[in-house]
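Novice: starting from these lines, generate the structure:
(chains A and B)
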Amino acid sequence: MPTADDVKSSWADEVELEGGALPPPTEVRENGFKILTEYKYGDDNKKTKIVRTYKIEKRIVSKSIALRKTWAKFGESADDKPGPNPATTIGGEDVYMQYVTSKEEDNKVEEDGLDKLKLVAADKAVVKCRTCNGDHWTSKCPWKDTALASAKTVDGEKKTPQIQAQAGDSTIKSMTNKYLPPNMRGDGAAKRIDNAGMSGARRDDAIAIRVSNLSDSTTDADLEELVKPFGPVNKLYLAKEKQTGQCRGFGYVHFKFRNDAVKAIATLNGHGYDHLILNVDWSKPNTHSNQ
Amino acid sequence: MKPLILHGHERAITQIKYNREGDLLFSSSKDNKPNVWYSLNGERLGTFNGHQGAVWCIDIDWTSTRFLSGAGDNTLKLWDCETGKVIGSISTNSPVRACNFSYSGNMAVFATDKSMGHQCEIHIIDVRNADESLSKAPPILKIPVNGHRVSSLLWSSLDETLLTGHEKGEITQWDLQTGKKLSNVTEHDNTITDMQMSKDGTMFITSSKDHTAKLFDCDNLMLLKTYKTERPVNSAAISPILEHVVLGGGQDAMDVTTTSARIGKFDSRFFHLVFEEEFGRVKGHFGPINSVAFHPDGKSYSSGGEDGYVRVHNFDQSYFEYGFDY
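Specialist: Predicted coordinates for the structure are as follows:
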């Protein structure tokens, strides 16, 4: 015999029926996951659906720990259901340990010292770049990896005076101790960005490669093994499925040295790995071409 | 790593501690209910209701059956860990600032504040057959402290000596047979906020408001290492498996509102035990960190902050693979 609940003529009625009442919360357990669905009214009085997914794990522990796991909850938690109560236990955002080396800080101090040295003996070239004859180390040369570096032997003579003039300009400007808003500091700003690029983010991007068409079963260790032979790696990232932990088919590798990255791309692109053919390229071709 | 955020307290966390096996995590705060959590999934097992004031210190015995808490309501309470019921309660003349079970679990020690005209005192009590009569039983030993108050304490040398850290930075070693001072060193310039033992019990780390944490030998109180930061250190812990220490701090709670979280630097800081060099930071808290603790297996650590949250972090693989460039 059909009851009133079974007969719902249209969705409009359904909405009306629901009216103020919210659908009851549900709990579904399937293949190792517990999915809690809850409905409530949000701040803007709109109905919100909250889905929480918990992974159910089995662990083998010592008897004393297992015994403690069976203890009844007490105090304020006495009424809590088994499993974490969302009111008191919250899954946090991903955080990463930021690795810092005091060596970097040492370098900074050194650079400062170098700047002072430059100011004191601005005209005496204490440090000379082999590429452009500017007053910086060759490794810090802004024209590194550009045509100039390779063209130097051919027409180095023609370009160097111009560059020297630029360098001189910037030192004169930095010598005048008047405040200039950042957007007005033509050379300074450019220089600062350059510096940042040299030591930080941009260089990272430039030597990051993207490895795609990886198989599902690839792990961090596999990827590391794959790229290790090419040289030291700064950072490894393998995209993974949130729930299953399976590889999503691609990853990024930040090399310490550019040459290693070039080598890795040349060798690994088209390389057969785990019954698939890898696709390897620079991770961000834009920033690469900008340089 | 994805931290678990435990939000069971309404006020600043004062101390967090793992039990010996690491499956339970205890936390106390300035609200009056210490909490106990399963460290694996962050599920709250229960709360210990009964104190009337801020809970300053907690400890758990090695069998994880009894729990000790000292509070600002001038009581020290001994609880049954399984049911959350009070076994015994001791009334004191002033707030209980530090408490610890002995290594054997047969005794417990607590120190009271110097306040309301009362002197700072260290009490050692027998907790073997503790019941309601605990409040009337006389302490095994009562040591009056003439100098600055005790802010942190530890049992050492398999319960033969007691180490206390004081308000102005002294560390004192006491002989428990006689109740006399054995030795005294002053290496810190300001309040010692926390003291934690290494896993093998040969060294301990102190944290102080003088912006440093220091590593000492337990026997002769020799200063072994100094970890320098640029802000008060509220807690420090030694990794049980790696040569790492973690420091938690930030500026004083009263200064927090005048600085933003970004410059507040409320992150946990990891130092190499031997080289005294900082190598990593973990962000997360909105206020100074008041207590840090390593899981006994060394694979995760927790921090409790002035913001009232406890954050349980499971280390990423990269932490274990991190190598120092010598």
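Novice: so for residue 185, what's the pLDDT?
Specialist: Going with chain A. We have a pLDDT of 65 for residue A:185.
Novice: my question was about chain B
Specialist: On the pLDDT scale, residue B:185 gets 92.
Novice: list phi and psi for it.
Specialist: phi -130, psi 150 (degrees, to the nearest 10).
Novice: what of the one 10 residues further on?
Specialist: For residue B:195, the backbone dihedrals are phi -130, psi 130 (criterion: degrees, to the nearest 10).
Novice: pLDDT weak spots in the stretch 51-200 of chain A?
Specialist: A:101-127, A:142-178, A:182-200 (pLDDT under 70).
Novice: show me which residues of it sit near chain B.
Specialist: A:59, A:61-62, A:64-65, A:68-69, A:71-78, A:80, A:83-85, A:87-103 (C-beta under 8 Å from any C-beta of the partner chain). C-beta coordinates here come from the backbone N, C-alpha and C atoms, glycine included.
Novice: could you measure from the nearest residue to residue A:260 once chain neighbours are set aside over to residue B:295?
Specialist: Closest residue to residue A:260 apart from its sequence neighbours, by C-beta to C-beta, 6 or more residues apart in numbering or on different chains: residue A:231 at 3.0 Å. Residue A:231 sits 35 Å away from residue B:295, going by C-beta to C-beta, to the nearest Å.
Novice: more neighbours, the two?
Specialist: residue B:295 (23 against 15; other C-beta atoms under 10 Å in any protein chain shown).
Novice: what's the neighbour count on the residue nearest to that one when sequence neighbours are not counted?
Specialist: Setting aside the residues directly before and after it, residue B:295 is nearest to residue B:22 in space (C-beta to C-beta, 6+ apart), at 4.7 Å. By other C-beta under 10 Å, the residues close to residue B:22 number 19.
Novice: is it true that residue B:22 touches residue B:294?
Specialist: No - the pair formed by residue B:22 and residue B:294 falls short of the contact definition of C-beta atoms under 8 Å, at 9.0 Å.
Novice: strands along chain A, start to end?
Specialist: All strands of chain A, identified by DSSP state E, fall at A:26-30, A:33-41, A:47-55, A:89-91, A:98-99, A:208-212, A:233-240, A:247-255, A:272-273, A:276-277, A:279-282.
Novice: now do the stretch 51-200 of chain B
Specialist: With strands called from DSSP state E, counting those that start in this stretch, the stretch 51-200 of chain B shows them at B:55-60, B:66-71, B:75-80, B:86-91, B:96-101, B:107-112, B:120-126, B:141-145, B:150-156, B:161-166, B:170-175, B:180-186, B:192-197.
Novice: for chain A, find the nearest of those strands.
Specialist: strand B:75-80 (9.4 Å; C-beta to the nearest C-beta).
Novice: starting from that closest one, tell me which strands it pairs with and how they run.
Specialist: Here strand B:75-80 has these sheet partners by DSSP bridges: strand B:66-71 (antiparallel), strand B:86-91 (antiparallel).
Novice: can you pull the buried residues of that strand?
Specialist: Across strand B:75-80, burial judged by 16 or more other C-beta atoms under 10 Å in any protein chain shown covers B:75-79.
Novice: equivalent analysis for stretch B:136-150, please.
Specialist: B:139, B:141, B:143, B:145, B:148-150.
Novice: burial check on residue B:272, number of neighbours?
Specialist: Residue B:272: 17 neighbours (other C-beta under 10 Å).
Novice: closest residue of the stretch 1-150 of chain A to chain B?
Specialist: Closest point on the stretch 1-150 of chain A to chain B, by C-beta to the nearest C-beta, is residue A:75, at 3.2 Å.
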